[in-house]
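Asks: got a predicted model here, sequence first, then my questions.
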Amino acid sequence: MTDTVTITDPRLGEQYTRFQHKSGLTVYVFPKALSTAYALIGTRFGSVDNNFRLAGEAEFTRVPDGVAHFLEHKLFENADGEDTFEKFARTGANANAYTDFCSTAYLFSCTEELYPSLEILLRSVFSPYFTPENVQKEQGIIAQEIRMGEDEPYNVLQYGMLRGLYKEHSVRIDIAGTVPSILTITPEILYRCHAAFYNPANMVLCVCGKATTERVCDVVDSVLSEATPLTVESIYAKETPEAYRARVTRHMEVSKPLFCIGVKDTDIASDPDERQQKDLAMQLIAAIGFGRSSEFYHELIDEGLISPNFETWVCHNAAFSFFSLLGDTEDPEAVFRRFSHYVATGLHDALCEENLDRCRRAMYASFIKTFDSTEEIANTLAVDFALEGYDLFSYGDRILQISVEELRAVAASLFRPEAFTLSTVLPRTE
């Protein structure tokens, strides 16, 4: 292992070790004397990464929508015929995986047999086995999953919002893809994507629990050999700052109208530190301006315009950025009008020192609580921070030091009427 560094936060009383394995894999070992250990390996390959090339290639490769999620499913299948979950059952580990817009992660938790379980995880992820027969079988399974999602009102609502904001960007497509798109996936496409995005230099491993750096390195050595780092580049459709459509509506079997207000943001910095700072600002704006302690929330609740089933959804990363509110209401257009008026006339004053201090304390307390769970630590460190190029321990300082002026500046640039869309799911009328 090379470039080994131990990073400590005296305020939190926590530390972890990071090293670069000879394969190119970045490894984090976070010692934690808890009963359950947790390991996660993640790659910078999500549903939005459907157009890419490796360094040195002249042309981009366009792959079907949903291939990252499809690949996640198939990596639990092995050439020896034994499912990876069966292998984990022998060590008593509980394994899972997930794909989101920007990453794919494979993980397990266990109370013993940490290192044998870690070897199973790594061999599964780095030993792809695809055949026409097992790909065809998976197409039927995932097609059914997609159809189920198309019948889920909140899933339809949120993707309606994204399709209102974006004209071409791949974030507008369901993470699982579409039935026509996944039916075009072949073993060759999966092997191509695995070679590109599952090269160790594009991945991070985090092991949290009663673990040592030396033992973790030994396990990684047993699976991965020295390799020349590869760089993969994704390209995303360029979007204008304006929302693509002002309204998106579907009628479904719901008892009450659902709404999702989306705000499109194309002001995304290339520098990870700047992105992390803006993401923090957007999260705090959501809490202060629209959270359960906000004037906006209480006024609409008191008037019966919304129910407690109301939440915010904020995403800001290198590939895309948006801010949204969703819930249920008898009058979606009235909620949208109130939102538009509030961000134009009331939000600036709500973003004051008193409200910031209250929400900042709550956010910092939540950040500290992360370190009570090996699962929370591994997911936060690996997926939320390392894959995005962010530093974990500096985040606490960012929370404590961010200013009202920063929040107001972000809000002023973010909330532009031309960037708004309203997605609704309405009861069927027939």
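Replies: Yes, it's here.

Asks: strands along the stretch 1-150 of the chain, start to end?
Replies: 2-9, 14-20, 26-31, 37-43, 51-54, 61-62, 94-99, 104-110 (DSSP state E, counting those that start in this stretch).

Asks: and Val410, which of these is closest to it?
Replies: Across the strands of the stretch 1-150 of the chain, Val410 has its closest neighbour in strand 2-9 (26.2 Å, Cβ to Cβ). (Each C-beta comes from the backbone N, C-alpha and C, glycine too.)

Asks: distance from the chain centre to that closest one, please.
Replies: 26 Å (Cα atoms, centre = their mean, to the nearest Å).

Asks: show me which residues of it are buried.
Replies: With burial defined by 16 or more other Cβ atoms under 10 Å, the residues of strand 2-9 counted as buried are Asp9.

Asks: need the residues that contact that strand.
Replies: 14-20, 22, 213, 392-393, 396 (Cβ atoms under 8 Å, 6 or more residues apart in numbering).

Asks: what's the first-to-last distance across stretch 23-39?
Replies: 18 Å (Cα to Cα, to the nearest Å).

Asks: quick one: average pLDDT of it?
Replies: The average pLDDT within stretch 23-39 is 96.

Asks: ok, stretch 320-328 next?
Replies: pLDDT averaged over stretch 320-328 gives 98.

Asks: so that it lines up with my notes, have the first residue be 41 from now on.
Replies: Got it, first residue is 41 now, which makes that one stretch 360-368.

Asks: export it as CSV, just CAs?
Replies: Provided in CSV are the C-alpha atoms of stretch 360-368 (Å, rounded to 0.1, in the frame of the first residue of the first chain):
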residue,chain,number,x,y,z
PHE,A,360,-26.6,17.9,-12.2
SER,A,361,-28.3,20.0,-9.5
PHE,A,362,-31.9,20.6,-8.4
PHE,A,363,-34.0,21.7,-5.4
SER,A,364,-37.5,20.3,-4.9
LEU,A,365,-40.5,20.2,-2.5
LEU,A,366,-43.1,17.5,-2.6
GLY,A,367,-46.2,16.4,-0.7
ASP,A,368,-50.0,16.2,-1.1
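
Asks: that stretch: how far from the chain's middle?
Replies: 14 Å.

Asks: now swap in stretch 119-139 and tell me
Replies: 23 Å.

Asks: and for stretch 172-189?
Replies: 23 Å.

Asks: pull out the buried positions in that stretch.
Replies: 175, 178-179, 182-183, 185-186.

Asks: ditto for stretch 151-170
Replies: Per 16+ other Cβ under 10 Å, stretch 151-170 contains these buried residues: 154-162, 164-166, 168-170.

Asks: centre-most residue in this structure?
Replies: With distances taken as Cα atoms, centre = their mean, the residue of the chain nearest its centroid is Asp140 (5.0 Å).

Asks: report pLDDT for that residue.
Replies: 97.

Asks: before we move on, what about Thr42?
Replies: The model's pLDDT for Thr42 equals 75.

Asks: roughly how far apart are it and Val165?
Replies: 22 Å (Cβ to Cβ, to the nearest Å).

Asks: quick one: closest of the strands of the stretch 41-190 of the chain to Asp412.
Replies: strand 54-60 (10.7 Å).

Asks: who are the packing partners of the closest one?
Replies: Contacts defined by 3 or more Cβ pairs under 8 Å, 6 or more residues apart in numbering; DSSP states H and E place strand 54-60 against strand 42-49, strand 66-71, helix 253-263.

Asks: contacts for that strand next, please.
Replies: Contacts for strand 54-60 (Cβ under 8 Å, 6+ apart): 41-49, 66-71, 253, 257, 411, 421, 432-433.

Asks: picking that back up, closest to Pro240 out of the buried residues of stretch 151-170?
Replies: Phe166 (7.9 Å).

Asks: surely that closest one touches Leu264?
Replies: Yes. Using Cβ atoms under 8 Å, Phe166 is in contact with Leu264, at 6.7 Å.

Asks: mutual contacts of these two, please.
Replies: Pro240.

Asks: picking up where we left off before, show me which of the contacts of strand 42-49 is closest to Tyr231.
Replies: Once Cβ to Cβ is applied, the member of the contacts of strand 42-49 that ends up nearest Tyr231 is Lys62, at 23.7 Å.
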